[in-house]
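Q: need a 3D model of the following:
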Amino acid sequence: MELLKSILGQQLYSIDILTISLLLASLSIGYIYIVSSHTRQKKANKYPPYAPGGMWQHIQISASSQYPWWILDVARDLHNRVFQLSLPMSPMAHKVVVGEVDTFRRVLTDPLSEKPMEFYQPFRDIVGGPPTVLTSNGHEWHGKRKAVAPAFSSNHIKRMTRVALETTEIWIRDTLVDPTKNASFDVGEEMIGITLSSISETAFEYKMSTQEKKIFGRELELTLIEFALKAPFNPLRALFSWFLPERGRAFAAAQNTKAMMFQIIKSYRNMKEPLNNGTIIQLVMESDAFLTDEERAAQLMEFLIAGHDTTAYTIAWILLELARNPKEQTKLRESLSQLDPEDWSRSEYLKKVVKEGMRLYPVVAGGSVRKIGRDIMTSRNELLPKGTICFLPFILLSRNPDIFNDPDSFQPSRWETPTRDMLDAFNPFSLGKQNCVGQSLANAEVFAMVARICSELELSVESEGSVDFFLTLKPVGARLRARKV
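A: Residues are numbered from 1 along each chain as shown. Coordinates of the predicted model:
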């Protein structure tokens, strides 16, 4: 009898699991159908047009490395840089890509616009769960941003830039052992190494070992693919986690990077006294805006992610374009030669080169996401109703052929006499109150490192590599040769 009960119990358990799975699948299919039906009813002329394809296609492309190029193609084919997407998040809200300059700026600068938590919530899984500057709104966001803002004062920026330059000098000495022999290097990987070392030392007062940097890079990539690329566009992934082993691996990777942040916190607490006052880690550790080590670790992780790869890949793209365009490289070197090193940032040609590199390759190509708090009309009198979730890709503005002549080419000279539209379309650090808190530091490091490398090294392309995108736009496998001039 006991054996019979055991067998029946196992069968009933199997039936229950099967029933639950089928029920969830049915609910998901019904959910997608309802969302699709509801959103397709919004095709009236007063709203922006839909991008070609259905919901499943939009989910797949939004979570793929082709997203920046797809939205450029859609804008070209529709002759409209504002268009709707069919996505399952917030089924009753419009989801609209906004790449029209005026509407883009109004959405970001409107005080009623805020970050949609249904999109940013998965980002918290990257940093271990607690809210951060990036993933919060209102008083919570304001308190955290106010707490860390002093770390980006001019004095701290000078100190951190100086360390970045010192790290660059070591890299030139150790990696390009003999620049007269045309040394070769992977431009993306090497710039990542420099910026990661610099920010960990200056912002966290912690020197990461080579092994720690490798582990951090590997585990971070897994978490970003899942929680920054796939999950925000497809909330159904959370329902079917047990069928997605890569999602489980991403959670494990997030725990590994979180453990590294706890190691940084432990190292800081073991110091007799801080080497510098007002650093990011000191402000995070001492502020009431971060009450637990979980919150502190999450915020440190966010700054480490945002503070190294965006800057590194911006520098990498600029160096790659200069290597592709030797005449531009020569002009830059000649401009720098007329100034003392401490005045390199005043070089007008350096400013044009950096601006053009950021325009052509906005590293955060997908841009910002906002939920609007009021109705907004586009320049075509198409309505974005209150509650619309607006995707604001920087690349859709910076490669607009109506604003930039030959937008896919590297032309620093275009910034000699920029139009008002060109200036308004250039927003690599977003706009409004929730823009990038570290943009001054990023600019300073980009200017300093590009100038230092190009002042005495002639760069040429050994291998073009390829372009990849998940959260950031990056060169993969691009190798340059450097020769001292």
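Q: what helix or strand is the nearest residue to Met208 once chain neighbours are set aside on?
A: Leaving aside its chain neighbours, Met208 sits nearest to Ser200 (4.6 Å; criterion: C-beta to C-beta, 6 or more residues apart in numbering). C-beta coordinates here come from the backbone N, C-alpha and C atoms, glycine included. Using DSSP states H and E, Ser200 sits within helix 187-204.
Q: sorry, back to before: what score does the residue nearest to Met208 have for pLDDT?
A: At Ser200, the model reports a pLDDT of 92.
Q: for it, give its distance to Leu457.
A: Relative to Leu457, Ser200 is positioned 25 Å away (C-beta to C-beta, to the nearest Å).
Q: cool, Lys433 as well?
A: In terms of C-beta to C-beta, Lys433 sits 40 Å off from Leu457.
Q: likewise for Thr161?
A: Thr161 is 19 Å from Leu457, by C-beta to C-beta.
Q: could you list the residues in contact with stretch 285-296?
A: 128-131, 143-144, 146-148, 261-262, 265, 268-269, 284, 299 (C-beta atoms under 8 Å, 6 or more residues apart in numbering).
Q: tell me the most packed of those, by neighbour count.
A: Among these, the one with the most neighbours (other C-beta atoms under 10 Å) is Gln299, at 29 neighbours.
Q: for the helix or strand harbouring Gln255, which outside residues touch it?
A: Element membership of Gln255 [criterion: DSSP H and E] is helix 245-269. Defining contact as C-beta under 8 Å, 6+ apart, one finds that helix 245-269 is touched by 125-128, 200, 204-206, 212, 215-216, 218-220, 222-223, 225-227, 231, 237, 241, 274, 281-282, 285, 293, 296-298, 300-301, 304.
Q: helix or strand right after it?
A: With elements assigned by DSSP H and E, the helix or strand that comes after helix 245-269 is helix 280-286.
Q: if we can go back for a sec, of Lys433 and Leu457, which one has the most company?
A: Using other C-beta under 10 Å, the more surrounded residue of Lys433 and Leu457 is Leu457, with 20 against 12.
Q: tell me the SS of the nearest residue to the more buried one once chain neighbours are set aside?
A: Excluding the flanking residues, the one nearest Leu457 by C-beta to C-beta, 6+ apart is Ala482, at 4.5 Å. Here Ala482 is recorded as strand under DSSP: H, G, I helix; E, B strand; the rest coil.
Q: mind checking how far Asp174 is from Lys207?
A: Distance from Asp174 to Lys207, by C-beta to C-beta: 15 Å.
Q: check Pro412 too.
A: Distance from Pro412 to Lys207, by C-beta to C-beta: 36 Å.
Q: with Leu220 instead?
A: 18 Å.
Q: more neighbours: these two, which one.
A: Neighbours were counted for Leu220 and for Lys207 using other C-beta under 10 Å; Leu220 has more, 22 against 10.
Q: what sits against the more buried one?
A: Contacts of Leu220 (C-beta under 8 Å, 6+ apart): Ala253, Thr257, Ile305.
Q: recalculate using a threshold of 6 Å.
A: By C-beta atoms under 6 Å, 6 or more residues apart in numbering, the contact set of Leu220 is Thr257.
Q: ditto for Pro130
A: By C-beta under 6 Å, 6+ apart, the contact set of Pro130 is Glu294, Glu295, Ala298.
Q: most neighbours of all those, which one?
A: Ala298 (25 neighbours).
Q: might one say that it is in contact with Val127?
A: Yes. In this structure, Ala298 is within contact of Val127 by C-beta atoms under 6 Å, at 4.1 Å.
Q: which stretches of the chain form strands?
A: Here the chain has its strands, by DSSP state E, at 82-85, 95-98, 183-186, 368-371, 376-377, 383-384, 389-392, 457-463, 466-470, 472-476, 479-484.
Q: how close does the closest residue to Arg237 other than its chain neighbours get to Gly278?
A: Nearest non-adjacent residue to Arg237, counting by C-beta to C-beta, 6+ apart: Ala231, 5.3 Å away. Taking C-beta to C-beta as the measure, Ala231 falls 35 Å from Gly278.
Q: report the two of the contacts of stretch 285-296 separated the most.
A: Lys146 and Phe262 (24.9 Å; C-beta to C-beta).
Q: low-confidence ranges in the chain?
A: By pLDDT under 70, the weakly predicted segments of the chain are 1-45, 177-182.
Q: repeat the analysis, applying 50 as the threshold.
A: Along the chain, segments meeting pLDDT under 50 span 1-44.
Q: for Gly438, give me its contacts.
A: So Gly438 contacts Phe152, Gly307 (C-beta under 6 Å, 6+ apart).
Q: let's go with 10 Å and repeat that
A: With contact set as C-beta atoms under 10 Å, 6 or more residues apart in numbering, Gly438 has these partners: 133, 148-149, 151-152, 157, 160, 199, 203, 280, 303, 306-307, 310-311, 429, 445.
Q: and it, how far from Glu445?
A: Distance, Gly438 to Glu445, using C-beta to C-beta: 10 Å.
Q: between these two, what contacts are shared?
A: Counting by C-beta under 10 Å, 6+ apart, the common neighbours of Gly438 and Glu445 are Ile157, Met160, Ile199, Gly307, Thr311.
Q: surely the fourth one is in contact with Ser197?
A: The reference is to Gly307. No. Using C-beta atoms under 10 Å, Gly307 makes no contact with Ser197, being 11.8 Å away.
Q: report the buried members of the contacts of helix 245-269.
A: 125-128, 200, 204-206, 212, 215-216, 219-220, 222-223, 225-227, 231, 237, 281-282, 285, 296-298, 300-301, 304 (16 or more other C-beta atoms under 10 Å).
Q: out of the contacts of stretch 285-296, which is nearest to Gly188?
A: Set against Gly188, the nearest of these by C-beta to C-beta is Met261 (24.0 Å).
Q: what sits closest to the closest one if chain neighbours are left out?
A: Spatially, and ignoring its direct neighbours in sequence, Met261 is nearest to Ala297 (3.8 Å; C-beta to C-beta, 6+ apart).
Q: got the contact list for that neighbour?
A: Ala297 is in contact with 127-130, 257-265, 284, 290, counting by C-beta under 10 Å, 6+ apart.
Q: one more: Thr311?
A: The contact partners of Thr311, taken as C-beta under 10 Å, 6+ apart, are 164, 191-192, 194-196, 198-199, 363, 438, 441-446, 449.
Q: distance of Gly357 relative to Tyr313?
A: Separation of Gly357 from Tyr313 (C-beta to C-beta): 10 Å.
Q: more neighbours: which of those two?
A: Using other C-beta under 10 Å, the more surrounded residue of Gly357 and Tyr313 is Gly357, with 25 against 22.
Q: and the spatially closest residue to Asn443 that is not a sequence neighbour, what does it touch?
A: Distances taken as C-beta to C-beta, 6+ apart put Val354 closest to Asn443, at 7.8 Å, once the chain neighbours are dropped. Neighbouring residues of Val354 by C-beta under 10 Å, 6+ apart: 314-315, 318, 332, 345, 347, 412, 415, 443, 446-447, 450-451.
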